[in-house]
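Trainee: Prediction below, plus the sequence it came from.
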Amino acid sequence: MAIKTILIVEDDRFIGEMYVRSLKKSGYEVDWMVDGNDGLIAARNKQYDLILLDVMLPERRGSEILDALRGAEDLIPHSKVLVLTNFEQDDESRMAMEARADGYLIKAEITPSKLISVIEKLG
């Protein structure tokens, strides 16, 4: 399955705009939400091939969104989830998120072209 539709849940305007611009330029259909509640609603209401999920968000943290989407009900069985963060987490929290996500990336280390390459490998 090739990845075509992407939901970005990211509150940092600069990072969000940069990802949206580079992903659209690469041919992806992109929706962008800036807070956790809107991100969760969007992920539940539309089937995305990939969700780029920030950890530190207003309203609801990325880990809570991941729990809601990938918990017992697995509301998004067909979507891949890439966690993006600059937040230093303890190993236990990070490993718990990695176990439920399809990838875990540190934003400071990811350029838009690197992100696109990671997405292509996922697809």
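Mentor: Ah, there it is. Numbers count the residues shown, from 1 in each chain.

Trainee: Tell me which residues touch Arg60, please.
Mentor: Contacts of Arg60 were listed using CB atoms under 8 Å, 6 or more residues apart in numbering, and they are Asp35, Gly36, Asn37, Gly39, Leu40. In this view, the C-beta of every residue, glycine as well, is placed from N, C-alpha and C.

Trainee: Return the residues in contact with the closest residue to the third one other than its chain neighbours.
Mentor: Just to be clear, that refers to Asn37. Leaving aside its sequence neighbours, Asn37 sits nearest to Glu59 (CB to CB, 6 or more residues apart in numbering; 4.3 Å). Listed by CB under 8 Å, 6+ apart, the contact set of Glu59 reads Asp35, Gly36, Asn37, Asp38.

Trainee: From Glu98, how far off is the residue most central in space within the chain?
Mentor: With distances taken as CA atoms, centre = their mean, the chain has Leu52 as the residue nearest its mean C-alpha position (1.5 Å). Counting by CB to CB, to the nearest Å, the gap from Leu52 to Glu98 is 15 Å.
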